[in-house]
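Colleague: model this:
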Amino acid sequence: MHWLISCTHGKHRPTTVSLSALLTRHPKRDSPSTARALPVPRLLPSRQRKLEVAARSPGAGAMDDGVVNMENKAGLMVFEPILEEGVFRFDCSGTDRAAAFPSLSFADPKVRETPLAVHGMIPEFVPVFECVHGQQKVKVQLPLGTSLYGTGEVSGPLERTGKRIFTWNTDAWGYGPGTTSLYQSHPWVLAVFPDGKSLGVLADTTRRCEIDLLENSTIKFVSAAVYPVITFGPFESPTHVLISLSHAIGTVFMPPKWSLGYHQCRWSYETDARVREVATNFLERGIPCDVIWMDIDYMHGFRCFTFDKERFPDPKALVNDLHAMGIKAIWMLDPGIKYEEGYFVYESGSKHNLWILKEDENLFVGDVWPGPCVFPDFTKKEARLWWANLVKDFVSNGVDGIWNDMNEPAIFKTVTKTMPESNIHRGDAELGGRQSHSHYHNVYGMLMARSTYEGMKMANEGKRPFVLTRAGFIGSQRYAATWTGDNLSNWEHLHMSVPMIIQLGLSGQPLSGPDIGGFAGNATPRLFGRWMGVGAMFPFCRGHSEAGTIDQEPWSFEKRLAFIHEMFSLNKLCEEICRLAILRRYRLIPHIYTLFYKAHANGTPIISPTFFADPKDQKLRKVENSFLLGSLLVCASTIPERGSHELSFTLPAGT
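Modeller: Numbering: from 1, shown residues only. Alright, predicted model coming up:
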């Protein structure tokens, strides 16, 4: 039988929870899923029958206290405190708790499995669940007037109420404000109550997950059963929630200081002579630049860990020349390894049986840039170490940083843009063991970034690695920065880049930025200058453009239509605007570097929504054309309804 208690928390409606969930668990029990024998009051038979019926009814408030009851398909989730005060783990039952896969979001997965030995800790909000056709649906009802944020790398507005997204890492070239899946997955929502207190909710699953925020003040998750839900708070402010989240998923890696400068990239600078030309232009024009990036065309036939002998014959000499100008070099590595006998990377990976397999146990081969490719199974420790050693050797060429691209993983010539979900990963037991690709898809990019980061660390323990990854998962900030993928050169994407970077910060990834000027399409001088004006204040600051588009270095616009005096003046103005914007960033680098140290040490955001200055101020909740850079600076951009040159902003109260 079940003993039910009705609890009223403040102004919220009564919640029914099982007595065993409320009583303190014994700190010396063998495991979190072990059921305890608890004394229950003797009740009249009629009352007992009513309680048993209530416990088995869909939407009922009771769940079992660790004992399997196959009739229970819906109800309140059972909980236990973990990590620290105010953090709770919820499962559909004690049996589901024991059956859940290991956490890949937590920095230390054991923390999620270890209950706190404390007395009287009761959550203020208890999710309800329903299990139907192998799907676990979880709902958290919050006070009316709650504002919802987070959900990771997403397009669209800052305040997420009325939105629904799906966590499924996707090669999303040219995405728009309504795209429901981008390159990274963060099954996480930050809820800010009307009084400024805040709650964080994490669906700790690597599977495809629907985050449904269509209903006001309501969070819904839907994913394959079973998975736990972790809540953080309510705490006094959203910053406190983010700090608590960082205690679970880890903080951002401490970046090298040079990586906080301006970065220049293009797909592609096709020769080392062109790279030297771009670097010299920055130097001669007095525009600061710390990094130039090498896209896939530096490789020999797109084969990773190789250099084209004609276009990049001596990478060490190139890097030495760049270093003499105070510029670092970052090089791309993709996960697709050319399926080719004699290619040393393919040969060594095959020797140790490190590739992802098809459902029939044969080798999976998919087309990417080099043509037919095989893919390292980063869920295996042996594969991660193998890749890390390749990176270690690669760094000896003078590589300062590494760019992991196409690691959703992206596959050409397929409707899904990725490999079959039935593919097989032979994962380590601590990651979840042997599973289909549908289980590991969303963490593939993070595991690749982890291997790359560890390889750079192996190459030189005295240097901080710098890795940029396109695909990621909540927790990947421990290993890599990110950017918002293949955006477009238009005003909509300029405006959208501000809330996108803010959302990533609110989801645990503070080191991010867009392709300034837009990746696909041709930026105008006015658009590029305005984008640089705000982009120079983002945590990660990089200009990048696609092959086949115009050059988008700060000075490159002067070459276009220079015979028209007005256009010539505008182009020269664009260069000057970019110079001033980047110089402003460099004056603020001591401040930005300090913010990164605090983020690395404490989990605080680098940039945050303007409402963080006063979480109780309702008029700031949807302001998305400005952000706080630390606690003192408000950085603002234009807004879509005004002209490209008009600035309109709302400031917090105070001086």
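
Colleague: Could you measure from P615 over to F232?
Modeller: 15 Å (C-beta to C-beta, to the nearest Å). Heads up, the C-betas are built off the backbone N, CA and C, glycines and all.

Colleague: Those two: who's more crowded?
Modeller: When P615 and F232 are compared for neighbours, F232 comes out ahead with 26 against 22, by other C-beta atoms under 10 Å.

Colleague: Could you find the closest non-adjacent residue to that one?
Modeller: Of all residues not flanking F232 in the chain, G200 sits nearest, at 3.8 Å (C-beta to C-beta, 6 or more residues apart in numbering).

Colleague: For the helix or strand where that neighbour lies, give the mean pLDDT please.
Modeller: Using DSSP states H and E, G200 falls within strand 198-203. Strand 198-203 carries an average pLDDT of 98.

Colleague: returning to that earlier point: which residues does the residue nearest to F232 bridge with?
Modeller: Counting by DSSP bridges, G200 forms beta bridges with L190, F232.

Colleague: Was I right to think it contacts L245?
Modeller: Yes. With contact defined as C-beta atoms under 8 Å, G200 counts as touching L245 (5.5 Å).

Colleague: which neighbours do those two share?
Modeller: Residues touching both G200 and L245 (C-beta atoms under 8 Å, 6 or more residues apart in numbering): W188, F232.

Colleague: any low-confidence regions in this protein?
Modeller: 1-72, 559-571, 642-644 (pLDDT under 70).

Colleague: Go through it and flag its longest helix.
Modeller: helix 565-602 (DSSP state H).

Colleague: And it, what's buried?
Modeller: For helix 565-602, a neighbour-count test (16 or more other C-beta atoms under 10 Å) marks 567, 570-571, 574-575, 577-579, 581-582, 585, 588-589, 592, 595-596, 599-600 as buried.

Colleague: Who does whatever helix or strand comes next after that helix pair with, and is each partner parallel or antiparallel?
Modeller: As assigned by DSSP H and E, the chain's next helix or strand after helix 565-602 is strand 607-609. In the sheet containing strand 607-609, its partner strands are strand 626-629 (antiparallel), by DSSP bridges.

Colleague: After the strand it pairs with, heading C-terminal, what element do we hit next?
Modeller: Per DSSP H and E, the first helix or strand lying C-terminal to strand 626-629 is strand 633-636.

Colleague: Could you list the buried residues of that next one?
Modeller: C635, A636.

Colleague: One more: stretch 182-201?
Modeller: In stretch 182-201, counting by 16+ other C-beta under 10 Å, buried: 182-193, 196-201.

Colleague: Check which helices and strands the strand holding G200 sits against.
Modeller: strand 188-192, strand 218-224, strand 229-235, helix 238-249 (3 or more C-beta pairs under 8 Å, 6 or more residues apart in numbering; DSSP states H and E).

Colleague: How about residues contacting the last one?
Modeller: Under the criterion C-beta under 8 Å, 6+ apart, residues 83-84, 86-87, 105-107, 111-112, 149, 188, 190, 192, 198-200, 202, 230, 232-233, 235, 474-475, 477-478, 506, 508, 602-605, 608, 612, 615 lie in contact with helix 238-249.

Colleague: From the chain's centroid, how far away is that helix?
Modeller: Relative to its parent chain, helix 238-249 has a centroid offset of 15 Å by C-alpha atoms, centre = their mean, to the nearest Å.

Colleague: mind checking the end-to-end distance for stretch 373-382?
Modeller: 20 Å (C-alpha to C-alpha, to the nearest Å).

Colleague: hmm, I was thinking of stretch 422-437
Modeller: Across stretch 422-437, the terminal residues are separated by 6 Å (C-alpha to C-alpha).

Colleague: Residue numbering should commence at 30 henceforth.
Modeller: In the new count, where the first residue is 30, that last one comes out as stretch 451-466.

Colleague: which parts of it are buried?
Modeller: Buried residues in stretch 451-466, counted by 16+ other C-beta under 10 Å: N452, I453, H454, R455, G456, D457, L460, G461, Q464, H466.

Colleague: what do you get for stretch 278-285?
Modeller: Within stretch 278-285, judged by 16+ other C-beta under 10 Å, the buried ones are I278, G279, T280, V281, F282, P284.

Colleague: cool, stretch 396-411 as well?
Modeller: V397, W398, P399, C402, V403, F404, P405, D406, F407, T408, K409.

Colleague: so who does the residue lying closest to the fifth one once chain neighbours are set aside touch?
Modeller: Looking back up the chat, that one is V403. With sequence-adjacent residues excluded and distances taken as C-beta to C-beta, 6+ apart, V403 is closest to W384, at 4.4 Å. Applying C-beta under 8 Å, 6+ apart, we find W384 in contact with G378, L392, F393, V403, F404, P405, D406.

Colleague: Show me the residues you listed that map onto strands.
Modeller: V403 (DSSP state E).

Colleague: Now do the contacts for S467.
Modeller: Contacts of S467 (C-beta under 8 Å, 6+ apart): R236, R237, A253, E450, S451.

Colleague: Report whether it is found in a strand, as I expect.
Modeller: No. Assessed with DSSP: H, G, I helix; E, B strand; the rest coil, S467 is helix; it does not lie in a strand.

Colleague: if I look at it, how far off is T235?
Modeller: Distance from S467 to T235, by C-beta to C-beta: 9 Å.

Colleague: next one: G430
Modeller: G430 is 27 Å from T235, by C-beta to C-beta.

Colleague: Have a look at these two and say which one is more surrounded.
Modeller: Higher neighbour count among G430 and T235: T235, with 29 against 24, using other C-beta under 10 Å.

Colleague: is it true that that one touches P131?
Modeller: No. Using C-beta under 8 Å, T235 is not in contact with P131, being 9.7 Å away.

Colleague: Please identify every residue contacting each of these two.
Modeller: In contact with both T235 and P131: G461, using C-beta under 8 Å, 6+ apart.

Colleague: now do the same end-to-end measure for stretch 313-325.
Modeller: Stretch 313-325: ends 27 Å apart by C-alpha to C-alpha.
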